[in-house]
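>>> No letters, just coordinates:
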């Protein structure tokens, strides 16, 4: 993982992905997902205080446009602290209700908005902060690990002695 990303942001970003996946369901129910998002946006826009980073980032993730990705990435070094106004200035929101929700929460709890924006940004831009190590040493290590594991496929299981004895008509153990 990128050393410039606070561990808590990485955790929150993964949690956001799980929350979205759980809400969508299997098979994905986009109508239900849209209703959940719309409800959250309405609550935040009304000023309902829901002090949860993932719920706010969940509500805003699909509406935020990241104007300064490098600046946002630099803000991810510390989970607590930072400049909320600067972070809010690095994003825009095309949806009117989502924009109102963003400004309403920013006025009441700027720290929450900062964390939610950065969490959503990391979720939407995982390739910017999760390194893909393709060095020869790591590839070789992965290959050796895969060879060391015995994969048992249900269709290719060797029959056991008990099974073989069922067909041993002579009784000599040679089924």
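Now that the structure is in, tell me what you want to look at. As the structure is a computational prediction, the values presented were derived from the model and not from experiment.
>>> quick one: residue 49 is in a helix?
No - counting by DSSP: H, G, I helix; E, B strand; the rest coil, residue 49 is located in no helix; its state is coil.
>>> excluding its backbone neighbours, what's nearest it?
Spatially, and ignoring its direct neighbours in sequence, residue 49 is nearest to residue 108 (6.6 Å; Cβ to Cβ, 6 or more residues apart in numbering). For the C-beta atoms, the positions are set from N, CA and C on the backbone; glycine is no exception.
>>> got a list of what residue 85 touches?
residue 110 (Cβ atoms under 8 Å, 6 or more residues apart in numbering).
>>> ugh, typo on my part, it should be residue 102
Taking Cβ under 8 Å, 6+ apart as the criterion, residue 102 is in contact with 44, 60, 64, 88, 91, 93, 113.
>>> Okay, buried residues for the helix or strand containing it please.
Applying DSSP states H and E as the criterion places residue 102 in helix 96-108. Buried residues in helix 96-108, counted by 16 or more other Cβ atoms under 10 Å: 98-102, 104-106.
>>> What is the most widely separated pair among the residues you listed?
98 and 106 (12.3 Å; Cβ to Cβ).
>>> can you give me the strands for the chain?
Using DSSP state E, the strands of the chain run over 64-66, 91-93.
>>> coming back round to it: might one say that the residue nearest to residue 49 is in contact with residue 48?
No - Residue 108 sits out of contact with residue 48 when judged by Cβ atoms under 8 Å, with a separation of 10.0 Å.
>>> Cool, thanks, talk later.
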